[in-house]
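Trainee: following is a predicted model, sequence given first.
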Amino acid sequence: MWGAMFNVDDPLNQYTADFYGVVMGTSHHEPMMRATPNEWYKLYGSAWNWTTNSQLINQYMKEGAIRARPYESLFTMGMRGDGDLPLQEDINIGILEDIVAHQRTTLSEVFNTTDLSTIPQVWTLYQEVQGYYEKGMKVPDDITLLWSDDNWGNIRRFPLESERNRKGGAGIYYHFDFVGGPRCHKWAQTTQLEKVYEQMGLAYARGADRIWIVNVGDIKPYEYATEFFINLGYNATRWNQNTIKDFVTTWATREFSQPSKSPIIADIIANATRFNARRKPEFWNATTYSLIDYRESENWLNEWSATLDASTAIYNSLSSAAKIAYFELVHHTVRSSSNLANIYVNAGRNNLYASQARISTNDLADLVEKLFEADYDIENQYHTMLDGKWNHMMDQTHIGYYYWQQPMANTMPAINRVHSRKQALAGPMRITIEGNRGAWPGDNPYQCDRGYNCPPPTLRTFEPYTPRQSRYIDVSAG
């Protein structure tokens with residue numbers, strides 16, 4: 001539940017959800033239908049430590065079971081540490097088995113039954129918890145084992161053949177969005193449907209088909225991906241690797257009523273998620289793609305430019321009403337991600353050009369500042385449409401990570417400026433070549449090992465491993 005307490009914030013939440021047929025549960029670290037740690041600290045405020053505080057924790061869990069008894073619920077079993085962290089260092093398998101035993105005794109008492117297979121229970125093998133199971137922890141046969149991915153969409157393990165006949169079966173806990181180290185990713189749509197199909201298809205084939213849960217985070221950027229996940233769970237054999245695109249084209253036709261343009265929209269979405277999935281935007285920086293080798297950064301920006309042009313053409317062709325839906329569902333991700341890519345590449349070029357004493361360093365500094373401001377403009381357009389219907393939906397900070405957690409404010413990457421009125425020591429002309437960070441004439445640590453009195457530049461030779469058989473020489477002012 002993290003910042004919310006669904007069952008406490010509004011006493012009618014559970015009743016209303018059940019009325020609409022919603023099966024309720026809590027996340028992998030919130031046992032027995034309690035929003036932990038929020039409810040725990042609000043009501044008790046003592047140590048979340050089974051070794052020293054088991055009696056109070058057991059009472060807390062029992063109250064959650066009693067509160068959930070009238071409704072269709074899925075009970076999270078086991079226990080993680082405070083704030084979704086591992087349990088205390090001295091924890092062992094015996095203590096975890098004791099926790100689960102107490103939880104099951106509680107369920108038996110609350111539901112007045114000895115047949116616990118009638119009460120849906122799940123134990124999520126997330127991060128270090130999987131290690132407890134693999135080291136021999138005994139899990140009652142009627143508890144569903146929820147296998148997890150690595151937080152990046154790669155399922156770490158599937159049920160072995162010997163594990164596929166358990167009464168509780170198995171399921172999957174999957175991530176579109178993630179909060180944690182080495183870095184959060186929760187700003188833009190980065191999930192490829194092809195990857196989802198591949199991983200969940202393997203899960204289905206290996207018998208992990210009882211429960212599928214996806215961590216979506218902010219729903220707005222992941223609307224069609226969430227719909228695909230739900231549809232795949234409803235009918236796991238409906239699509240194959242050759243027909244996944246049909247889902248997107250059908251979805252696009254339904255949303256925008258432009259069947260002739262739906263294949264183009266499907267390509268736009270496929271490209272944008274592919275570019276964002278190569279490396280999550282939160283991990284981008286000024287040197288993610290090489291500025292000098294194989295024209296990596298140029299090719300990356302060209303790919304974004306072509307995708308943005310295609311998306312803009314679709315956007316401009318739609319009716320006013322459809323434009324709003326298209327911007328929110330597709331175009332915002334393309335525009336904002338393309339803009340962010342340009343921020344970082346041009347910041348990298350700015351830093352490189354400064355080291356080469358090029359006067360165009362200043363032009364790139366101006367461009368980066370302009371693009372940085374445009375990031376907010378794109379976000380603000382999203383927030384102000386339909387009189388602010390989706391205001392704050394895209395507030396997520398995403399530029400200038402310093403560690404795993406989100407930055408407290410978007411921070412423009414570092415840029416440099418050179419004196420525009422002072423002549424560079426090496427003279428008014430700079431010669432730079434493809435594949436080298438050096439600049440001639442003058443001294444530069446990349447020209448030769450000494451860094452001074454270096455020989456003239458030499459272009460890289462041609463070889464059969466690069467598709468583009470050309471080299472460039474750049475002449476600029478210094």
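Mentor: Sure thing, it's come through. Please read these numbers as outputs of a predicted model, since none were measured by experiment. Numbers count the residues shown, from 1 in each chain.
Trainee: what helix or strand does the closest residue to Lys62 other than its chain neighbours sit in?
Mentor: Using CB to CB, 6 or more residues apart in numbering and skipping the chain neighbours, the partner closest in space to Lys62 is Thr106 (4.8 Å). In short, each C-beta sits where N, CA and C put it, glycine included. According to DSSP states H and E, Thr106 maps onto helix 93-111.
Trainee: tell me the first helix or strand C-terminal of that helix.
Mentor: Helix 93-111 is succeeded, C-terminally, by strand 121-125 (DSSP H and E).
Trainee: who does the helix holding Thr106 touch, helix- and strand-wise?
Mentor: Helix 93-111 sits against helix 50-68, strand 121-125, with contacts defined as 3 or more CB pairs under 8 Å, 6 or more residues apart in numbering; DSSP states H and E.
Trainee: in CSV, list those along with mean neighbour count, mean pLDDT and distance to Ile433.
Mentor: Output for the helices and strands packed on helix 93-111, formatted as CSV (neighbours: other CB atoms under 10 Å; pLDDT from 0 to 100; distance: least, CB to CB, whole Å):
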stretch, mean neighbour count, mean pLDDT, distance to Ile433
helix 50-68, 17, 94, 65
strand 121-125, 24, 95, 53
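Trainee: right, so of those, which gets closest to Ser162?
Mentor: strand 121-125 (15.8 Å; CB to CB).
Trainee: let me see the contact set for Gln258.
Mentor: By CB atoms under 8 Å, 6 or more residues apart in numbering, Gln258 lies in contact with 252, 265, 314, 317-318, 322.
Trainee: Glu373: neighbouring residues, count only.
Mentor: 10 (other CB atoms under 10 Å).
Trainee: retrieve the pLDDT associated with it.
Mentor: On pLDDT, Glu373 comes in at 98.
Trainee: which parts of this structure are helices?
Mentor: 6-9, 13-19, 38-43, 50-68, 93-111, 128-134, 193-205, 223-234, 244-256, 262-278, 296-317, 320-326, 332-355, 361-384 (DSSP state H).
Trainee: just to revisit the earlier point, just send the helices and strands packed on helix 93-111 back as CSV, with distance to Phe176 too.
Mentor: Shown next, in CSV, are those (distance: least, CB to CB, whole Å):
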stretch, distance to Phe176
helix 50-68, 27
strand 121-125, 16
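Trainee: of all the ones you listed, which lies closest to Leu146?
Mentor: strand 121-125 (4.2 Å).
Trainee: quick check: which ranges of this protein have low pLDDT?
Mentor: 1-3, 83-85, 88-91, 468 (pLDDT under 70).
Trainee: one more pass at 50, please.
Mentor: Nowhere does the chain drop to pLDDT under 50.
Trainee: distance check, Thr113 against Asp142.
Mentor: Using CB to CB, to the nearest Å, Thr113 is found at 12 Å from Asp142.
Trainee: for the nearest residue to Asn7 once chain neighbours are set aside, give me its contacts.
Mentor: In this structure, Asn7 finds its nearest non-sequential neighbour in Gln14, 5.6 Å apart by CB to CB, 6+ apart. Contacts for Gln14 (CB under 8 Å, 6+ apart) come out as 6-7, 24, 67-68, 70-71.
Trainee: list the contacts of stretch 389-406.
Mentor: Residues from elsewhere that reach stretch 389-406, judged by CB under 8 Å, 6+ apart: 180-184, 186-188, 218, 220-221, 281-283, 328, 332, 336, 340, 343, 372, 375, 379, 382-384, 407-413.
Trainee: Gln396 - how many residues pack around it?
Mentor: Counted with other CB under 10 Å, Gln396 comes out at 18.
Trainee: how many other residues sit next to Val23?
Mentor: Val23: 12 surrounding residues under other CB under 10 Å.
Trainee: what's the closest residue to it other than its chain neighbours sitting at in phi/psi?
Mentor: For Val23, ignoring the flanking residues on the chain, the nearest one in space by CB to CB, 6+ apart is Glu72 at 5.0 Å. Dihedral pair for Glu72: phi -70, psi 110, per degrees, to the nearest 10.
Trainee: Met24 is in contact with Glu72, correct?
Mentor: Yes: if you go by CB atoms under 8 Å, Glu72 and Met24 touch, sitting 7.1 Å apart.
Trainee: many thanks, have a good one.
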